[in-house]
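Participant: got a sequence here, can you build the structure:
(chains A and B, ligands or ions: 5)
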Amino acid sequence: MKKDDIFLPKILTFLCNWCSYAGADLAGTSRLQYPASILPVRVMCSSRVDPLLILRAFLNGFDGVLVTGCHLGDCHYQEGNYYTRRRFVMLKKVFDSLGLESDRLRLSWVSAAEGQKYAKVATEFTQKIRELGENSSKNKIFL
Amino acid sequence: MNRKIGVYICECGPNIAEKIDIDKVIEAVTSLNDIVTVERYKLLCSEAGKNYLTEQIKKHSLTHLVVAACSPRDHQLTFMEVCENAKINPYLFQLANIREQCAWVTDNKEEATKKAIRLTKAAIARVRCHSPLEKKEIESNPDILIIGGGIAGIEASLQLAHSNRKIYLVEKNSFLGGLIKNFEKKYPEMQPCSASILQKIETIKKISNIKIFTDSEVQEILGFFGNFEVKVKNKKEKDIESFNVGAVVFATGSSLFDINKNPQYGYGKFDNVLTSLEFEQMNLSKKIVLKNNKTPKSVAIIYCVGRTDKGYCSEICCMYSIKFVRYLKDNIPDIKIVNFYSDLCIPGKSHQKFYEQTQGENIDFIRAENIDITKKGEQLNISYDDETNRKKNCIVDMVILSPALEPSVDAAKLAEFTGVPLGDGDFFAEEHEKLNPVSTSTQGVFIAGCAQGPKSISDTIIQAEAVTGKILSSLIPGKKIEPEVKVSQISESFCIGCKTCLDICSYGAITFDEMNKISVVNEVICRGCGNCVAACPSGAITLKHFTFNQIYEELKEAVQ
Ligand SMILES: Cc1cc2nc3c(=O)[nH]c(=O)nc-3n(C[C@H](O)[C@H](O)[C@H](O)COP(=O)(O)OP(=O)(O)OC[C@H]3O[C@@H](n4cnc5c(N)ncnc54)[C@H](O)[C@@H]3O)c2cc1C
Ligand code: SF4
Ligand code: SF4
Ligand code: SF4
Ligand code: FES
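Facilitator: Ligands and ions are numbered 1, 2, ... in the order given. Here you go, the predicted model:
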């Protein structure tokens, strides 16, 4: 067996209720297949995802964190995802300055019609995390 | 508290049962803390399934319920109802989606089973942190305030009054009718316009349910959906009237772009240069004449005036300019008409035909740029660049300018004191271009007609009808309003009064308590997005049902 087949990373995936969760459901009803690495957590809007939650998730052992939301301009709560994007950029910088791997974070806009895109992002991001290997910083730092 | 959690795993016929080893899931969660029973069932959302769940809740005196089945978008409400019927709080329930986001997307049964175990455990961990939430109900006032007595305001008033609603219609001018009162006919059907709106005004005046305020302005709107307090001031008599309504419609329309900002057209400087509105009035009075009372032999119509300044196309100017050609030919058959356009915008199923039928002898359409108008004796000289960039001149008796539409001068003021935001071109912003095109970010405040953006009479009426539908279906007499339950709360002791959250909230749900120097969420206005929670630097804000703890416990369990 190749190493790829053995290592199934754990990827925390935040989905906003209105677009991305519906998009992920559509991937399901269309029977698109993607790795079981994706562990979905539903929030009402991507803007609820505060950076501290992501940091904690990471330190708890997730190998990657994927945040999904409506496309810019389509947020059910008007401007929520603009804030999400801003916080995400900031968090990546914080990761870099703490010596954590910011490549383990990804932000992606997935609409309710984009089941295909969701499956693709899930697959590609899993591949990326496989390349990075297991999250080595887990349980090392406590906040 | 002694928790008794019941966990039910749905087979969904073969949908889940074939893809996930349900017995393994049962085995994995049975010995967890607080778990009283773990069962599998064929079809939980069926009538039999719901009855089964209700009995189970009673039999085991469950305090919390976890269902592992399909997406919450499918059956969250179904199971919340089951909880209510079985007398447990519906928020002490969590649904794990092991179908759409597990069984159906994972080929490998072993991996799917492992993932289902993680998701079910995560749901159990989450439900442990749930708190019961109570539905709130607020009395609502079914009456409606409509601001602006143009066709948008009149249509909305008539239709709402037909459904027995009480309407307060406020118009700043001394007369109703708005712009279209000046039009003899309307494109594209060329049916009478002024006459028909005058008739509607007569009708509306007779309806006792509609209280009309002319020469009046709205001074204050306080409160929220279902309960707005309004103050209207009569500008002449200076007296103020107060009343309550449940919903508000902004139908303040638009005005013409100020042509004085484009002096090259000679408006105000030379005789016989008119705005489109002035020409409509002239045509309505059946006296299309020059300043010297003579009949014009030639007229130029200049399209797109102010379009570059405004940065948008006003949608209607091309069409009404073509209508002017019809007016002119009807009144002065041998008149020469030159149309100077920059881009002809004639979308819609009947407009192309209308344009084609307006062509003929002595009617020219010229695509032109850099137009400049000067006086030439009694006449006017139009210099312009044609499509090949050559300078040309054209001499006419009269010039009609078709300027862009811009928001009513009072829109900004209204936006300011109601907190309803302005969007592109400073027109009132719709809540969502596609999802909620006639709502605003303030619940219970709607927009119709040119207040939302330039548009034709028929599109205005469509919006007035849409607003009517929205109001009739959401603000129902005798029916209480149920505001969102999963709202934010600010802790008095943690808030440091930094005001960050005030700007973040798109709905103006957060206000600052100057006395105590802390921010406060108005639970009736909050929509529960959670943006403010992520923004607060001191962790003072909690979003009910999506608390830090609830989400954290869920994800912690998923990664185990
Ligand atoms: C020259 C011209 C010709 C046109 N010809 C046609 C045509 O042939 N066919 C067609 O389909 N469309 C035509 N249109 C477009 C048409 O005028 C609009 O679609 C229509 O007027 C929109 O109606 P409304 O009620 O939204 O706005 P308006 O007609 O602008 O009415 C708004 C009303 O609100 C009042 N108001 C504003 N602010 C306040 C306030 N703060 N408080 C109280 N009252 C306030 C105003 O006084 C006014 O009475 C033409 C437009 C122009 C400029
Ligand atoms: S509750 Fe959902 S998973 Fe269960 S039978 Fe119904 S649709 Fe299928
Ligand atoms: S952001 Fe937090 S601390 Fe600042 S005012 Fe709002 S609730 Fe208070
Ligand atoms: S949760 Fe959203 S709507 Fe509610 S107060 Fe916070 S930002 Fe405003
Ligand atoms: S609701 Fe989807 S990002 Fe805000």
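
Participant: quick one, strands of chain A?
Facilitator: A:11-16, A:38-43, A:64-69, A:105-109 (DSSP state E).

Participant: what is the neighbour count of the one residue in chain B that gets nearest to ligand 5?
Facilitator: With C-beta to the nearest ligand atom, the shortest gap between chain B and ligand 5 falls at B:Cys529, namely 6.5 Å. (Glycine included, C-beta is placed from N, CA and C.) Residue neighbour count, defined by other C-beta atoms under 10 Å in any protein chain shown, stands at 35 for B:Cys529.

Participant: who are the contact partners of it?
Facilitator: By C-beta atoms under 8 Å, 6 or more residues apart in numbering or on different chains, the residues touching B:Cys529 are A:Met44, A:Cys45, A:Ser47, A:Arg48, A:His76, A:Tyr77, A:Gly80, B:Ser506.

Participant: would you turn these into CSV with distance to ligand 3, pLDDT and neighbour count?
Facilitator: Shown next, in CSV, are the contacts of B:Cys529 (distance: C-beta to the nearest ligand atom, whole Å; pLDDT from 0 to 100; neighbours: other C-beta atoms under 10 Å in any protein chain shown):
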residue, distance to ligand 3, pLDDT, neighbour count
A:Met44, 19, 97, 23
A:Cys45, 17, 97, 28
A:Ser47, 14, 98, 30
A:Arg48, 15, 98, 27
A:His76, 22, 89, 21
A:Tyr77, 17, 90, 26
A:Gly80, 16, 95, 26
B:Ser506, 15, 89, 20
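
Participant: still on that earlier bit, among the strands of chain A, which is nearest ligand 4?
Facilitator: Each of these was scored for nearness to ligand 4 using C-beta to the nearest ligand atom, and the closest is strand A:38-43 (11.4 Å).

Participant: re the thing from before, make CSV from the contacts of B:Cys529 and add distance to B:Ser194 to it.
Facilitator: Shown next, in CSV, are these (distance: C-beta to C-beta, whole Å):
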residue, distance to B:Ser194
A:Met44, 50
A:Cys45, 48
A:Ser47, 50
A:Arg48, 53
A:His76, 43
A:Tyr77, 44
A:Gly80, 46
B:Ser506, 41
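
Participant: of those residues, which belong to helices?
Facilitator: Counted as lying in helices by DSSP state H, out of these, are A:Gly80.

Participant: between the contacts of B:Cys529, which is closest to B:Ile180?
Facilitator: Closest approach to B:Ile180 among these (C-beta to C-beta): B:Ser506, at 34.1 Å.

Participant: for B:Ser298, grab the count of nearby residues.
Facilitator: Applying other C-beta under 10 Å, we find 18 other residues in the vicinity of B:Ser298.

Participant: quickly list what it is bridged to.
Facilitator: B:Lys336 (DSSP bridges).

Participant: give me the pLDDT for residue 11.
Facilitator: Going with chain A. For A:Ile11, the pLDDT comes out at 98.

Participant: you looked at the wrong chain, it should be chain B
Facilitator: Here, the pLDDT recorded for B:Glu11 equals 98.

Participant: roughly how far does the residue lying closest to it once chain neighbours are set aside sit from B:Thr106?
Facilitator: Nearest residue to B:Glu11 in three dimensions, chain neighbours excluded: B:Ala17, at 3.9 Å (C-beta to C-beta, 6 or more residues apart in numbering or on different chains). B:Ala17 sits 14 Å away from B:Thr106, taking C-beta to C-beta, to the nearest Å as the criterion.

Participant: who touches the closest residue to B:Ile525 other than its chain neighbours in this structure?
Facilitator: Beyond its immediate neighbours in the sequence, the residue positioned closest to B:Ile525 (C-beta to C-beta, 6+ apart) is B:Ala509, lying 4.0 Å away. Remark: with contacts taken as C-beta under 8 Å, 6+ apart, B:Ala509 is in contact with B:Ser488, B:Val521, B:Asn522, B:Ile525, B:Cys526, B:Arg527.

Participant: which of those fall within strands?
Facilitator: Per DSSP E, strands hold the following members of these: B:Ser488, B:Val521.

Participant: ok, so of the contacts of B:Ala509, who is nearest B:Gly444?
Facilitator: Proximity of the contacts of B:Ala509 to B:Gly444, judged by C-beta to C-beta, is greatest for B:Ile525, which lies at 9.8 Å.

Participant: okay, B:Ala17 and B:Thr106: which has more neighbours?
Facilitator: Set B:Ala17 next to B:Thr106 and count neighbours by other C-beta under 10 Å: B:Thr106 wins out with 24 against 16.

Participant: let me see the confidence value for that one.
Facilitator: Predicted confidence (pLDDT) for B:Thr106: 97.

Participant: please apply the same query to B:Val420.
Facilitator: According to the model, B:Val420 carries a pLDDT of 85.
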